[in-house]
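Peer 1: Build me a structure from this.
(one chain, ligands or ions: 1)
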Amino acid sequence: MLLIPCPHCGERAQVEFAYRGDATRQRPPDGAPDEVWYEYVFLRDNPRGPHREWWFHHGGCGRWIRVTRDTATHEVLGAVPAVVPPEVGAETGAGAESEAGSREDGA
Ligand SMILES: [Zn+2]
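Peer 2: Model prediction:
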């Protein structure tokens, strides 16, 4: 089981969180060509190594965080608050985030 360092609650078990997707994807602008939307909606990379992901802490603070996790080892390298929720699920928003209080240096 993963231990995820929620920037609001501290280190908690993975079962308190829901994975909500790739945090590196950027929503295309309105009016972008269909090919760009097709890639955004349907195509996914499968990176090996450190990767940024959106997680939602439903069993704790009820906030979105951005976690950096190594996809090869599952080691969690850090987590930072997401100021505005990402554009997934019912909790949609602009996807902006803050680097303030970054814990991605492993501290
Ligand atoms: Zn939390």
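
Peer 1: pLDDT below threshold where in this structure?
Peer 2: Across the chain, the ranges flagged by pLDDT under 70 are 84-107.

Peer 1: So which bits of it are right by the ion?
Peer 2: Taking C-beta under 5 Å from the ion, the part of the chain that reaches the ion is made up of C6, H8, C9, H57, G60, C61. (Each C-beta comes from the backbone N, C-alpha and C, glycine too.)

Peer 1: cutoff 6 Å now
Peer 2: C6, H8, C9, H57, G60, C61, R63 (C-beta under 6 Å from the ion).

Peer 1: ok, those vs P50, which is closest?
Peer 2: For the residues of the chain next to the ion, the closest approach to P50 (C-beta to C-beta) belongs to C6, at 18.7 Å.

Peer 1: Counting neighbours, what do you get for the closest one?
Peer 2: 21 (other C-beta atoms under 10 Å).

Peer 1: Got phi/psi on it?
Peer 2: phi -60, psi 130 (degrees, to the nearest 10).

Peer 1: so what's it up against?
Peer 2: R12, F17, H57, G60, C61, R63, I65, A79 (C-beta atoms under 8 Å, 6 or more residues apart in numbering).

Peer 1: Which parts of this structure are strands?
Peer 2: 3-6, 10-13, 18-22, 50-56, 64-70, 76-81 (DSSP state E).

Peer 1: then the second one to CSV, C-alphas only?
Peer 2: Output of strand 10-13 as CSV, limited to C-alpha atoms (Å, rounded to 0.1, in the frame of the first residue of the first chain):
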residue,chain,number,x,y,z
GLY,A,10,0.3,14.5,6.6
GLU,A,11,1.2,11.0,5.5
ARG,A,12,-1.9,8.8,5.0
ALA,A,13,-2.7,5.4,3.5
